[in-house]
Structures are given as C-alpha cells and as structure tokens.
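K.L.:
model the following, please.
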Amino acid sequence: MEKYGDTLFALDQNEEFRLRLLAEVFDPLCRATMGELGVDPHARCLEVGAGSGSVARWLCDRAPHGEVVATDLDLSLLDRVPEPRLRRLVHDVTTDPFPDDSFDVIHARLVLSHLPQREDVMRRMLRWLRPGGFVLIESFCWFPVESSPHPTYRKVMQRWSSLVCGTLGTDSWWSRAQPGSFLGYGYGDVGANTVTQNLRGGTPLADFWRLTVDMSRDQLIAGGYVLPSDLDEFYALLRDDTFWDLAPALVQSWGRK
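P.N.:
Residues are numbered from 1 along each chain as shown. All right, here's what the predicted structure looks like:
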C-alpha cells in the first residue's frame, strides 16, 4: 500500500483547483454542523488533513481567543493561507503524537476512509480530546453510485473507487459504520448526518468529481480499470448540463469525550 499523496492525490496545480472546488461544495455543510455542535471562542481546534485550509480559516474566526492547528503531509497550500493565528504543522495522524487532552474540536474530512489505520486513529483522537470536546469525521459513501442508471458514470466511478481502495487501503463503505465506531471506542453524545447531493453536469460538484477521477487517469488506463474512451465519455457527461445523477453521499459523524 502507498500513502495518500505518493502517486494518488499528489499535490499539483490540478489538485489545488480540485481542493478549492471541494471547499466550495462541502464547506457550507461542514460549517453548519460544527456550528450546531458548538465551537467556543476559546476552543483549541485541530484540523487533520487541512488541504487548502478553508475549514481551518473558519475555525480561526469562530475561536478568536483559542488556537487552531492545521496539519497535513504537505503544507504548500496551507503556507498560502493569510491567517497569522493559524499554526501549520507537518503531521502524520497515524504515527505522530499530540499530548492527551489537547483539543476541544477535532475535524477530519475525507481522511480516515483512506487510512488502513483508521481504527487506531479514532482511538488516538479520543485521547487528544479534552473532556466535553468533539470529533467530527466526514467521509464519502458510495451507495448512490451503485444504483446509477447511467452505465458509464457508474462504471468509471466504481472502477476509480476500486483503484483507490487497492492502492491506498481506502474503504469506500466504512462511512456507513462511522457512528458505531464512535460508540465502540468510548465516545459519547454520538450523532450522524448523511447528505446525498444531486449531481448536474457543468456544476462545481461535477467538476470536482471529474477532476478527482482525471487525476488518476494514467493509473486507471494502465491498470486496465477502464478504457480511454470510457473516461472521455465520463468527462463529457460531467460537462453536460443536461446530465443529472447522484454524487457519492457525504456522511458526517461525531462524538464527544
């Protein structure tokens, strides 16, 4: 297994644009959920796999008297975030420590499902929380794709998922059990929310998924997952404003210490 970012999801110009689309599409839901869970002005916050830093910047606004730590394996995009209060840290959530009781808020979006060590990470995060603090995990779940009436969309998305699962150890279905994993590791006040979005060609959501698949084009073709013609048809669908389907669902789950 390779690590996230070695070849798949490597940070380049296209990945930077993809992460900006990710923030545009999914930040509003993330902010709404964290707002409901409560981010105190004095909260100490940890953003795991911070990417472009959009959620970390929002946390800086919500916790003006606290601290926000944003981690990633590559800080290239975080270093461009014009936020002097943000602490940027190269950190591998599977191996690198934080002291116990360090944070009131921990958030990780589209991180744990890609980690074979996700169960251990859940335990580690619980130790890092202060009593009363919460962890919010966001992951995709593939069930809307499985029932798609569009053969090419369904095929390419499923084959891309198979590539990622086989390369990184991703589990595209783990999110269905996320709330139960919180309970199993001793979190309290556990809750969950699942959002399935309509995907229309030519929209930011469609552009996000088109670019997400395209970043693995070479691996998909070389590994025999799809043909070049499959990808070309897939890209055309996601640019076509008459194309409608469902995107992979986003599962949010949370628990408190």
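
K.L.:
got the buried residues for the helix-or-strand element of the chain with minimal mean pLDDT?
P.N.:
One helix or strand of the chain scores below all others by mean pLDDT, DSSP states H and E: helix 178-184, with a mean of 88. Using 16 or more other CB atoms under 10 Å as the test for burial, helix 178-184 gives 178-179, 181-182. Where you see a C-beta, it was placed from the backbone N, CA and C, and this is true even at glycine.

K.L.:
count the residues that sit near the closest residue in space to Asp189 that isn't next to it in sequence.
P.N.:
The shortest distance from Asp189 to any non-neighbouring residue, by CB to CB, 6 or more residues apart in numbering, is to Arg256 (4.3 Å). For Arg256, the neighbour count with other CB atoms under 10 Å is 17.

K.L.:
quick revisit: contacts for the least confident helix or strand of the chain?
P.N.:
The contact list for helix 178-184 (CB atoms under 8 Å, 6 or more residues apart in numbering) reads 119, 122, 135, 137, 139, 190-192, 251, 253-255.

K.L.:
and the helices in the stretch 51-200 of the chain?
P.N.:
Secondary structure of the stretch 51-200 of the chain (DSSP state H, counting those that start in this stretch): helices at 54-62, 118-128, 143-146, 151-168, 178-184.

K.L.:
next, format those as TSV and append distance to Phe234.
P.N.:
Converted to TSV, the helices of the stretch 51-200 of the chain look like this (distance: least, CB to CB, whole Å):
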stretch	distance to Phe234
helix 54-62	27
helix 118-128	29
helix 143-146	12
helix 151-168	4
helix 178-184	28
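
K.L.:
nearest to Asp101 among the buried residues of helix 178-184?
P.N.:
Taking CB to CB as the measure, Asp101 lies nearest Phe182 of the buried residues of helix 178-184, at 18.3 Å.

K.L.:
against Thr194, how distant is the closest one?
P.N.:
Here the criterion is CB to CB, to the nearest Å. By it, Phe182 lies 15 Å from Thr194.

K.L.:
distance check, Tyr153 against Ala50.
P.N.:
Distance from Tyr153 to Ala50, by CB to CB: 30 Å.
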